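Enquirer: this is a predicted model, with the sequence first.
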Amino acid sequence: MRPFLPRRRSLRVTFGHPLLAAVLVTLVGCASGSGGSSGGMEGAADGPVGASGWERVPDPFPVTGPEGRRYPDPFVGGFNQPRPQLVDIDADGDEDLFIQEASNQVAFYEHTGDAEFPFRWRTDRFGDLEIGEWYRFVDMDQDGDWDLLAEQPFSYIRYYRNEGTPSEPDFVLAADSLRDVDGDALFSDRQNIPNATDLDADGSVDLLVGRLEGTITRYEQEGANAAGVPVFRLVTTRFEDIEIVAELAGGSLHGANTMALGDIDGDGDDDLFWGDFFEQGLLLIRNLGSPQSPSFRTNPVPFPQPDPLLTSGYNAPTVGDIDVDGDPDLLVGVLGGAFNPNTTTRNNLHLVEQTAPGTFAKRTPRFVGTIDVGSESVPVLQDLDGDGDLDLLVSNKITQFDNQNGQVHIFRNQGTPTAPELVHDGVLASITDGYHFVPAFGDLDGDGDADAIVGTWGDELRYYEGSGDAGAEGLVLRDSAVVTLSRGRNAAPALADLDADGDLDLVVGESGGELNYWRNEGDAGAPDFVLVSDTWLEADVGRRSFPVPVDWDGDGDLDLLVGSEGDGLQLFRNRGSASTPDFVTEPETVDIPDFGYATPAFGDLDGDGRAEMVLGGTGGGLWYFRPAR
């Protein structure tokens, strides 16, 4: 299946994608690995990303997760609040998967029919469509192909009409907002996800809009305007007298909600699923009527019975035949509601399979297999066990079921220096008692093994000493505050010999977006960090600076790449030399997509003499970029 190409404004979206020109960037001096920070569109088939000479690859080598399963696309980022929808977008007889994780973009996973990996990632930005905070594929004009509804900021309903075919959609922005018969724009709270279908089988679309009061407003299509855009008539503000109210310790509450329609019981009419901010589970309201005369006047029931799904709340369901066995299943994204969203930073895309008529089983809380450590992933490439190849460490902000501590996950390389194969192998036990760990490795005491400076959420940086034969896994805490930030918190250290004097200096990013520089005035066997500047280079990248010294341009000296939260990657080139660096104070933006909190690491994973980049982000997953070939 080919990716989708937008044509701006009429915002048409058709199949096909032009390859972008690229200038090759070769990184040298990084083969030992770095990170944390020591020394539709994307995809291998789509060519380089941007003009920076990098191409994004979702599956460069085998990766096996903690569940013991191999991931089909390990480097496509993680999910914190996925909003799924199942729809056969290419008319090949099976339902594809769309997932919105961030504003204004929806990812596309094609149903390939492969037995091992039935769903494969194709793009993070399907058609580059602007969808605001929600989206719904609906056949609005009843012509047999999928159109698209989405949020028009703020809280109106944008309409894309499909002017292509069922197998090759061509989306055109037809209206910034749907309107009623009086010409007034229809309002839908942006934190709610509405739905639409021909509810009463009369050939026109009904629109159901959930309200913060726990009620549903129903509109019915009444013709179209001169541009062919459907026009709607208000039917009721209390559809079927449904009012979802949660009874919690603080009293009766109702709030943000999601809806999904689908014939879950196989009786020929659509049933209604409701997820609510104040509802830990998912509610099913069965349609007891018929396709021509629906009736939802029955009590909501937690789904599935007898063992209902329970999450952190605000669940977003979609109905579809996921396993292609002829009956509908359910996929549920967890947006995170009133029940501690930290518990669902990883387990947030649940498959509920129909195993027999009316019988459902909860199969997995992580339907899409990809590296995901929760939230705010920080990758580190390091030969952890001293076997000559690079392993991957990934730290998170806070552990899913522990609000006080984070973890550093180990993906051990069980392949070779030229053919990596990563397998999850627990967590780094030596780094504990804190959260948002950012480790930077280097031989600080000259004994030939890796030591580490570790940043945390606070302002103090720890010094861990390597313990010889145990390699970097045998770290021992020697100083809980080897240096302390004079301003800011959320310390992100990097080790590098910036003045070529034979010992490792220290650069630290922090929450305010500035840089701190400590020169090592000790020697290769005994570090002594002395603060040079807490506003080094007068740098300010916005929020959450994350420095990585790297020879970006291959001229033999270290440049400085700085990640950030919200402003991508900034490059401070070194105009000087390896021994007398002279960094520019006006950085250039690197043309590589980022995913919230940009945390890069570099290392030559495939042994071709050029470093690849692994990029972390807010969602807890990773992205893999290699120099364009």
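Expert: In hand now; what should we look at?
Enquirer: only C-alpha atoms for contact and neighbour calcs from this point on.
Expert: OK.
Enquirer: got the confidence number for residue 251?
Expert: pLDDT recorded at residue 251 is 62.
Enquirer: er, residue 401 actually
Expert: pLDDT at residue 401 comes out at 88.
Enquirer: tell me the contacts of it?
Expert: 342, 343 (Cα atoms under 8 Å, 6 or more residues apart in numbering).
Enquirer: quick check: the gap between it and residue 280.
Expert: Distance from residue 401 to residue 280, counting by Cα to Cα, to the nearest Å: 16 Å.
Enquirer: and what of residue 435?
Expert: Taken as Cα to Cα, the spacing of residue 435 relative to residue 280 amounts to 27 Å.
Enquirer: ok, residue 171 next?
Expert: Distance, residue 171 to residue 280, using Cα to Cα: 36 Å.
Enquirer: residue 60 too?
Expert: Taking Cα to Cα as the measure, residue 60 falls 38 Å from residue 280.
Enquirer: quick one: the spatially closest residue to residue 188 that is not a sequence neighbour and residue 132, what's the gap?
Expert: Closest residue to residue 188 in three dimensions, ignoring its sequence neighbours and counting by Cα to Cα, 6 or more residues apart in numbering: residue 155, at 5.0 Å. Applying Cα to Cα, the value for residue 155 to residue 132 is 9 Å.
Enquirer: between these two, tell me which one has more neighbours.
Expert: Taking neighbours as other Cα atoms under 10 Å, residue 155 and residue 132 compare with residue 132 leading, 22 against 19.
Enquirer: my read: that one touches residue 157, true?
Expert: No - with contact defined as Cα atoms under 8 Å, residue 132 and residue 157 do not form a contacting pair (9.6 Å).
Enquirer: higher neighbour count, residue 60 and residue 280?
Expert: More neighbours surround residue 280 than the other of residue 60 and residue 280, with 23 against 19 (other Cα under 10 Å).
Enquirer: which element is that one on?
Expert: Following DSSP states H and E, one finds residue 280 outside all helices and strands.
Enquirer: mind listing what it touches?
Expert: 310, 311, 312, 313, 314, 315, 337, 338, 339.
Enquirer: same question, residue 392
Expert: Residue 392 neighbours (Cα under 8 Å, 6+ apart): 379, 380, 381, 382, 410, 411, 412, 413, 422.
Enquirer: how about residue 323?
Expert: If you count contacts by Cα under 8 Å, 6+ apart, residue 323 has them with residue 329.
Enquirer: next one: phi and psi at it?
Expert: Phi and psi for residue 323, reported as degrees, to the nearest 10, are phi -100, psi 10.
Enquirer: that one and residue 364, how far apart?
Expert: Residue 323 is 13 Å from residue 364, by Cα to Cα.
Enquirer: check which residues of stretch 181-189 are buried.
Expert: Residues of stretch 181-189 classed as buried: 181, 185, 186, 187, 188, 189 (neighbour count, 16 or more other Cα atoms under 10 Å).
Enquirer: okay, who's weakest in those by pLDDT?
Expert: Within the buried residues of stretch 181-189, residue 189 has the lowest pLDDT, namely 91.
Enquirer: ok, it - contacts?
Expert: 155, 156, 211, 212.
Enquirer: wait, isn't the first one in contact with residue 192?
Expert: So the one you mean is residue 155. No - if you go by Cα under 8 Å, residue 155 and residue 192 don't touch, sitting 9.0 Å apart.
Enquirer: does residue 404 really touch residue 436, like I thought?
Expert: No - applying Cα under 8 Å, one finds residue 404 not in contact with residue 436, separated by 10.1 Å.
Enquirer: find the residues that touch each one of those two.
Expert: Going by Cα under 8 Å, 6+ apart, residues that sit against residue 404 and also against residue 436 are residue 398.
Enquirer: between these two, which one's more packed in?
Expert: Taking neighbours as other Cα under 10 Å, residue 404 and residue 436 compare with residue 436 leading, 26 against 11.
Enquirer: what's the spacing between the more buried one and residue 396?
Expert: Between residue 436 and residue 396 the distance, using Cα to Cα, works out to 6 Å.
Enquirer: quick check: neighbours shared by those two?
Expert: Common neighbours of residue 436 and residue 396 are listed as 406, 407 (criterion: Cα under 8 Å, 6+ apart).
Enquirer: just to revisit the earlier point, put together a markdown table for the contacts of residue 392, with distance to residue 220 and neighbour count on each row.
Expert: Formatted as a markdown table, those follow (distance: Cα to Cα, whole Å; neighbours: other Cα atoms under 10 Å):
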| residue | distance to residue 220 | neighbour count |
| --- | --- | --- |
| 379 | 50 | 31 |
| 380 | 54 | 32 |
| 381 | 56 | 30 |
| 382 | 59 | 29 |
| 410 | 54 | 23 |
| 411 | 53 | 25 |
| 412 | 56 | 24 |
| 413 | 57 | 26 |
| 422 | 53 | 21 |
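Enquirer: low pLDDT regions in the stretch 101-250 of the chain?
Expert: Low-confidence segments of the stretch 101-250 of the chain (pLDDT under 70): 247-250.
Enquirer: mind checking how far the residue nearest to residue 520 when sequence neighbours are not counted is from residue 116?
Expert: Distances taken as Cα to Cα, 6+ apart put residue 529 closest to residue 520, at 4.5 Å, once the chain neighbours are dropped. Distance, residue 529 to residue 116, by Cα to Cα: 52 Å.
Enquirer: ok, these two, which is more surrounded?
Expert: Neighbour comparison, residue 529 and residue 116: the larger count goes to residue 529, with 17 against 9 (by other Cα under 10 Å).
Enquirer: just confirm the more buried one contacts residue 522, I think it does.
Expert: Yes - Residue 529 is within contact range of residue 522, at 7.3 Å (criterion: Cα under 8 Å).
Enquirer: give me the number of residues near residue 67?
Expert: As a burial measure, residue 67 scores 10 neighbours (other Cα under 10 Å).
Enquirer: how about the contacts made by it?
Expert: Residue 67 touches nothing, counting by Cα under 8 Å, 6+ apart.
Enquirer: which one is residue 507 nearest to, not counting chain neighbours?
Expert: With Cα to Cα, 6+ apart, the residue lying closest to residue 507 is residue 517, at 4.7 Å.
Enquirer: what's around that neighbour, how many residues?
Expert: 21.
Enquirer: what's the answer for residue 579, then?
Expert: Using other Cα under 10 Å, residue 579 has 13 other residues around it.
Enquirer: any idea of the pLDDT on it?
Expert: 91.
Enquirer: next: the one 3 residues further on.
Expert: At residue 582 the predicted local confidence, pLDDT, stands at 96.
Enquirer: next one: it from residue 559, what distance?
Expert: Applying Cα to Cα, the value for residue 582 to residue 559 is 9 Å.
Enquirer: hey, what's residue 616 bridged with?
Expert: Applying DSSP bridges to residue 616 gives these bridge partners: residue 599, residue 622.
Enquirer: ok, residue 519 next?
Expert: When bridges are called by DSSP bridges, residue 519 pairs up with residue 530.
Enquirer: isn't it right next to residue 508, touching?
Expert: No - applying Cα under 8 Å as the test, residue 519 and residue 508 come out as separate, 11.4 Å apart.
Enquirer: of these two, who's got more company?
Expert: Using other Cα under 10 Å, the more surrounded residue of residue 519 and residue 508 is residue 508, with 25 against 20.
Enquirer: nice, that's everything, thank you.
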